[in-house]
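> One predicted model, sequence on top.
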Amino acid sequence: ICQVSSCMLFYCMSRSLVNSVETCLITAILALWPWEGQKDKSVGSPIPLCWLLTACVLIRPTSILMFLPLICRSLYTLHDNAAREE
């Protein structure tokens, strides 16, 4: 009974669940990310990507550090493409 009611057990179980959910979210985000050399340009709406990214950051705020280089590169590419069109 002591082993089942241990506080450490609840801490470890919830931590494993959060880590698994975060890994699934990161995998989904990277699958939906509009990569530069991608042949299929029908990425669709960026709204699901934003929702998944927001959920991932809400679960673990430090996960934004993984996506900052991708976001900065995308913003730079977007700005560069807009400057070329002018």
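All right, it came through fine. Numbering: from 1, shown residues only.

> show me where pLDDT drops low in the protein?
1-4, 37-44 (pLDDT under 70).

> for it, longest helix please?
As assigned by DSSP state H, the longest helix anywhere in the chain is helix 7-32.

> Any buried residues in the next helix-or-strand element following it, and which?
Sequence order places helix 47-59 as the next helix or strand after helix 7-32, per DSSP states H and E. Neighbour-count burial for helix 47-59, with 16 or more other Cβ atoms under 10 Å as criterion, is recorded at 49, 52, 53, 56. C-beta coordinates here come from the backbone N, C-alpha and C atoms, glycine included.

> helices or strands up against helix 47-59?
The contact analysis (3 or more Cβ pairs under 8 Å, 6 or more residues apart in numbering; DSSP states H and E) places helix 47-59 against helix 7-32.

> buried ones in the helix it packs on?
For helix 7-32, the buried set under the neighbour-count rule, 16+ other Cβ under 10 Å, comprises 25, 26, 28, 29, 32.

> Distance from that helix to the middle of the chain?
Relative to the chain's own centre, helix 7-32 is displaced by 12 Å; criterion: Cα atoms, centre = their mean, to the nearest Å.

> Which other helices and strands does that helix contact?
Under the contact definition 3+ Cβ pairs under 8 Å, 6+ apart, helix 7-32 sits against helix 47-59.

> now the helix it packs on against helix 7-32, angle please.
Taking axes from the mean of the first three to the mean of the last three Cα atoms, to 10 degrees, helix 47-59 and helix 7-32 form an angle of 160 degrees between their directions.

> Pull helix 47-59 out as PDB, backbone CA atoms only.
Extracted in PDB, the C-alpha atoms of helix 47-59 (Å, rounded to 0.1, in the frame of the first residue of the first chain):
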ATOM      1  CA  ILE A  47      -3.200  27.500 -38.100                       C
ATOM      2  CA  PRO A  48      -2.800  23.900 -37.000                       C
ATOM      3  CA  LEU A  49       0.900  24.400 -36.800                       C
ATOM      4  CA  CYS A  50       0.400  27.500 -34.600                       C
ATOM      5  CA  TRP A  51      -2.000  25.600 -32.300                       C
ATOM      6  CA  LEU A  52       0.400  22.700 -31.900                       C
ATOM      7  CA  LEU A  53       3.400  25.100 -31.200                       C
ATOM      8  CA  THR A  54       1.300  27.000 -28.600                       C
ATOM      9  CA  ALA A  55       0.300  23.800 -26.900                       C
ATOM     10  CA  CYS A  56       3.900  22.600 -26.800                       C
ATOM     11  CA  VAL A  57       5.100  25.900 -25.300                       C
ATOM     12  CA  LEU A  58       2.300  25.900 -22.800                       C
ATOM     13  CA  ILE A  59       3.300  22.400 -21.600                       C
END
